[in-house]
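1. coords please:
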Amino acid sequence: MELDSTVSANATPEQASELVRQSLRIASLELEVAELRARLDRGAVNPDEASSIQQDPRILDLCSVTQELFGCVPKFEATFDPEEPDCPFVVVTVDWSGDAREIIERQIQWHERIRGLMAGSSGKLRLSVMPS
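-> From the prediction side, this is the model:
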């Protein structure tokens, strides 16, 4: 799911927070479905083991770090590589209008901070910076 940038740009902080929560919930459900489909294909489904990024208490910290570095509400989309369907991930998309060097610096900062913050789950996240 992708949040409408016009809506998120005009949203109050409370509305933006709710949009992020809704987007995360949908992305986590999409991720969970993709993981379960992959496990079904392998015949290895155990509902008790199903995990969800949405249930991770660090997810609001992830949003805060992303907003701090990029100054916008992140968008979330669950997806997977068709060549590796049993390795789903969540794409965190942000809009950015800085120069290329600054984008790269912020991407590096994001990855370093998220790796420390989301230990064990950071491999399920991908950052996508869209020029605006």
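2. where exactly do the strands run in the chain?
-> 75-81, 84-96, 125-131 (DSSP state E).
3. possible to save these as TSV with distance to residue 17, mean neighbour count and mean pLDDT?
-> The way it works is simple: take the backbone N, C-alpha and C, and place the C-beta from them, glycine included. Putting these into TSV (distance: least, CB to CB, whole Å; neighbours: other CB atoms under 10 Å; pLDDT from 0 to 100) gives the following:
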stretch	distance to residue 17	mean neighbour count	mean pLDDT
strand 75-81	13	19	82
strand 84-96	16	17	85
strand 125-131	19	14	91
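4. can you redo those strands as TSV with distance to residue 14?
-> Listed next are these as TSV, based on distance: least, CB to CB, whole Å:
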stretch	distance to residue 14
strand 75-81	18
strand 84-96	20
strand 125-131	25
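5. looking at those, which is closest to residue 34?
-> Distance to residue 34, taken as CB to CB, is lowest for strand 84-96 among the strands of the chain, at 3.9 Å.
6. and that closest one, how far from the chain's centre?
-> Centroid separation for strand 84-96 versus its chain: 6 Å, with CA atoms, centre = their mean, to the nearest Å.
7. what do you get for stretch 84-98?
-> Here stretch 84-98 is found 6 Å from its chain centre; the criterion is CA atoms, centre = their mean.
8. Stretch 79-88 too?
-> That offset, for stretch 79-88, works out to 15 Å (CA atoms, centre = their mean).
9. how far does it stretch from start to finish?
-> 6 Å (CA to CA, to the nearest Å).
10. which residues in this structure form helices?
-> 5-10, 13-42, 59-70, 100-117 (DSSP state H).
11. Need the winner for burial among those helices.
-> Mean neighbour count (mean count of other CB atoms under 10 Å) peaks for helix 59-70 among those, with a mean of 18.
12. now what about that helix, what contacts it?
-> Contact partners of helix 59-70, identified using CB atoms under 8 Å, 6 or more residues apart in numbering, comprise 20, 24, 53, 73-74, 92, 94-96, 106, 109-110, 113-114, 117-118, 125, 129.
13. Quickly list what the residue nearest the centre of the chain is bridged to.
-> In the chain, the residue lying closest to the centroid (CA atoms, centre = their mean) is residue 92, at 3.7 Å. Here residue 92 sits in beta bridges with residue 76, residue 127, going by DSSP bridges.
14. All set now, cheers.
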